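Chemist: got a sequence here, can you build the structure:
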Amino acid sequence: MACNFRNSNSSALCCTGNSACEKTCIEVKRVFDACLQQRSVSTTLTVDFGSETATSILSVNSSGESTISSLVVNPIAGTPNSRVSFTLTTPVTVTGTNSAGATITGTSSMSFDMDIVLRVPQDGVIAPQIDATVVVVGLQNTVTAGNTVTTNACVSIITKVVADVILVVPSYGYPVLPPCQEYTQDICSGVFNTPVFPR
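Modeler: Numbers count the residues shown, from 1 in each chain. Take a look at the predicted model:
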């Protein structure tokens, strides 16, 4: 049976078959709105390889959490949406080789200016936050002067409006976990797992 709500006291009754389930409060990060932006960026990075210098570049990839700065949220009159502008900075890991052919790793960062429209709730005591995830994949990478890397980066940016909330959800209690199956190389296991009698 599906979950039913009683209008009289606003309590929820949820059941499946003859087994009643309970209401459970869970603390989660709720996403109120989100969008995906993908762009191709040609850029030059100054990479910190420490004491090493690179002669060739193997890969350029995003790494770690991105940071948001200069955030401005302006509600758009007559709509539930807001203009959201900010600068997004993401760390980048660059892998290359030195003159001896050994693999070396360096760090840098990339910044992106964002100006997008999202639904940002204005009511409530707890204010929502803007969160962003960035994935960078660099292609056609070249290096000059040992640490100046030019890349054509394929960038995917997911921006979310989130808030920590408490939700009430129907719950069937705790799961019954099956026992772990032991890995074995016993030569007889294939035989022992075969049915004794034909099916």
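
Chemist: tell me which residues in the longest strand anywhere in the chain are buried?
Modeler: Looking across the chain with DSSP state E, the single longest strand is strand 19-46. For strand 19-46, the neighbour count (16 or more other CB atoms under 10 Å) marks 21, 33, 43, 45 as buried. C-beta here means a position set from N, CA and C on the backbone, and glycine is covered the same way.

Chemist: who does the last one bridge with?
Modeler: For Leu45, the beta-bridge assignment (DSSP bridges) gives partners Val149.

Chemist: which residues does it contact?
Modeler: Contacts for Leu45 were tallied using CB atoms under 8 Å, 6 or more residues apart in numbering; they are 60, 92, 94, 108-110, 148-151.

Chemist: what about the most centrally placed residue in the chain, helix or strand, and which?
Modeler: Centroid-nearest residue in the chain: Thr133, 5.8 Å away (criterion: CA atoms, centre = their mean). Using DSSP states H and E, Thr133 sits in strand 129-144.

Chemist: what is the orientation angle of that strand with strand 19-46?
Modeler: Put simply, strand 129-144 runs at 40 degrees to strand 19-46, going by axes from the mean of the first three to the mean of the last three CA atoms, to 10 degrees.

Chemist: show me the contact partners of strand 129-144.
Modeler: 54-62, 66, 68, 71, 73, 84, 86, 88, 90, 92, 94, 96, 110, 112, 114, 118, 120, 149-163.

Chemist: are any of those buried, and which?
Modeler: 54, 57, 60, 62, 66, 68, 73, 84, 86, 88, 90, 92, 94, 96, 110, 112, 114, 118, 120, 149-151, 153, 155, 157, 159-163.

Chemist: let's see which of these end up in strands.
Modeler: Those of the buried ones among the contacts of strand 129-144 lying in strands (DSSP E): 57, 60, 62, 68, 73, 84, 86, 88, 90, 92, 94, 96, 110, 112, 114, 118, 149-151, 153, 155, 157, 159-163.

Chemist: partners of Pro75 in the sheet?
Modeler: The partner residues for Pro75, given DSSP bridges, come to Ser82.

Chemist: can you get me a residue count around it?
Modeler: 12 (other CB atoms under 10 Å).

Chemist: quick one, what contacts it?
Modeler: Counted by CB under 8 Å, 6+ apart, Pro75 has contacts 81-82, 120, 122.

Chemist: compile these into JSON lines and extend it with columns for distance to Ser171 and pLDDT.
Modeler: JSON lines is the format used below for the contacts of Pro75 (distance: CB to CB, whole Å; pLDDT from 0 to 100):
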{"residue": "Asn81", "distance to Ser171": "34", "pLDDT": "95"}
{"residue": "Ser82", "distance to Ser171": "34", "pLDDT": "95"}
{"residue": "Val120", "distance to Ser171": "30", "pLDDT": "95"}
{"residue": "Gln122", "distance to Ser171": "31", "pLDDT": "87"}
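
Chemist: closest to Pro195 out of those?
Modeler: Val120 (60.7 Å; CB to CB).

Chemist: I'd say Thr103 and Thr95 touch.
Modeler: Yes - counting by CB atoms under 8 Å, Thr103 touches Thr95, with 6.5 Å between them.

Chemist: so what sits against both of those two?
Modeler: Joint contacts of Thr103 and Thr95 (CB under 8 Å, 6+ apart) are Leu58.
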